[in-house]
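**Q** have a look; sequence and predicted model below, questions after that.
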Amino acid sequence: MNLLFPLFAVLIWSLNAVVSKAAASAIDPAAISFYRWLLALLTLTPFVLPGVWRNRAEIKKYWWKFLVLGLLGMVLYQSLAYYAAHSVSALFMGIIASLIPLLTVLISLVLLSVVPTVGIAAGSLLSLAGLVWLVSGGHPEKLLQQGIGVGELMMFAATASYALYGVLTKRWAIPVGNWQSLYMQIVFGVLMLIPNFLLVSDAELTRQNMPLVLFAGIPASIIAPFLWIKGVHHLGANTASIFMNLTPIFTAIIAVFFLHEHLQSYHLIGGGITLVGVILAQRLRKPLFGARRSSIKEVTPE
């Protein structure tokens, strides 16, 4: 039963990749970014604000950390993903998002002094090869002629931003409850999203885009984190992180059936190689240079 918590969290996040793609033709990226987190903030306020107010003295000590986490997790990650959706497929977004665990481990090498392992080295090389195959559509030589598209770069930057978010969350270990911490991050996220939102020429909510905003604001921003936190609590971060590997699979199935995207051979080959690389980085823990064995605790989304 406990396995259902991370499973459904990953399913919701996979659905959100498809929602992000659908939103590209229905609402401005700056508008959905702002509306999403404003809705999440308004929904959480009656439940979380009383505790935040009681704990305000402690929370005030870490305001700048909440600001940085809000910038990485709510502003950069989500906004870049919405902009990327204008030029890349939901399939591509799902595969790139599956790199979060690997990028988290790579960043942890520097910020958390994690011992490099055989899995990290082999997994990084394999994932890089898979990404080259994926981005080039199965023709790596095209990258030398055409380079990487803006959408691909945005999605990769979004994923790296969220990986850094996860590492900093672990490094700082802010002594504030999960929901109060998330609430403060959303507060700063909404504030930082306001300037870009005010520049939008058409931010109207319509019957077409309202369901997308509702899904992004509540299931993807509140329910999925709640399920993930429960999963980590019952199973541990390492076990729960395995479920993140299902992201590209869920996203592919949903995108094919609901967006009628075509699953090409290069998606299967590039995505498969990338996923194998991520799994190797997670599972092979033997130190690369014969150093004393050190367990690597995965940092995964809350």
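**A** Arrived safely, thanks for sending.

**Q** can we go C-alpha only for contacts and neighbour counts from here?
**A** Fine.

**Q** okay, residue 213 and residue 30: tell me how far apart.
**A** Distance, residue 213 to residue 30, by C-alpha to C-alpha, to the nearest Å: 12 Å.

**Q** can you pull out the helices in the stretch 51-200 of the chain?
**A** For the stretch 51-200 of the chain, the helices defined by DSSP state H, counting those that start in this stretch cover 56-61, 63-70, 77-84, 90-97, 100-111, 118-135, 141-146, 150-172, 178-198.

**Q** what angle do the fifth one and helix 150-172 make?
**A** Angle of helix 100-111 versus helix 150-172, following axes from the mean of the first three to the mean of the last three C-alpha atoms, to 10 degrees, is 50 degrees.

**Q** now helix 100-111, how far from the chain's geometric center?
**A** Taking C-alpha atoms, centre = their mean, to the nearest Å, one finds helix 100-111 lying 14 Å from the centre of the chain it belongs to.

**Q** do you know which of the helices of the stretch 51-200 of the chain lies nearest residue 15?
**A** Residue 15 sits nearest to helix 90-97 of all the helices of the stretch 51-200 of the chain, at 9.4 Å, using C-alpha to C-alpha.

**Q** name the helices or strands packed onto the closest one?
**A** helix 4-23, helix 150-172, helix 247-258, helix 265-283 (3 or more C-alpha pairs under 8 Å, 6 or more residues apart in numbering; DSSP states H and E).

**Q** deepest-packed of these, please.
**A** helix 4-23 (a mean of 23; mean count of other C-alpha atoms under 10 Å).

**Q** tell me the mean pLDDT for it?
**A** Per-residue pLDDT over helix 4-23 has a mean of 92.

**Q** OK, contacts around residue 214?
**A** With contact set as C-alpha atoms under 8 Å, 6 or more residues apart in numbering, residue 214 has these partners: 36, 39.

**Q** quick check: it is in a helix.
**A** Yes: checked against DSSP: H, G, I helix; E, B strand; the rest coil, residue 214 lies within a helix.

**Q** now it: how far from residue 61?
**A** 33 Å.

**Q** residues near residue 203, how many?
**A** Other residues lying near residue 203 total 17 when counted by other C-alpha atoms under 10 Å.

**Q** one more: residue 53?
**A** Residue 53, neighbours per other C-alpha under 10 Å, totals 12.

**Q** one more: residue 108?
**A** Residue 108: 25 neighbours (other C-alpha under 10 Å).

**Q** can you check residue 67 too?
**A** Residue 67 has 19 nearby residues by other C-alpha under 10 Å.

**Q** apart from its neighbours in sequence, what residue is nearest it?
**A** Using C-alpha to C-alpha, 6 or more residues apart in numbering and skipping the chain neighbours, the partner closest in space to residue 67 is residue 188 (5.5 Å).

**Q** is it true that the one you found touches residue 70?
**A** Yes: the criterion here is C-alpha atoms under 8 Å, and residue 188 meets it with residue 70 at 5.8 Å.

**Q** ok, the two, which is more surrounded?
**A** Counted by other C-alpha under 10 Å, residue 188 and residue 70 do not tie: residue 70 has more neighbours, with 26 against 20.

**Q** gap between that one and residue 88?
**A** 25 Å.

**Q** pull the contacting residues for the closest residue to residue 284 other than its chain neighbours.
**A** Counting by C-alpha to C-alpha, 6+ apart, residue 284 lies nearest to residue 119, which is 4.4 Å off, once chain neighbours are set aside. Contacts for residue 119 (C-alpha under 8 Å, 6+ apart) come out as 280-286.

**Q** can you read off the pLDDT for residue 143?
**A** So residue 143 comes in at 69 (pLDDT).
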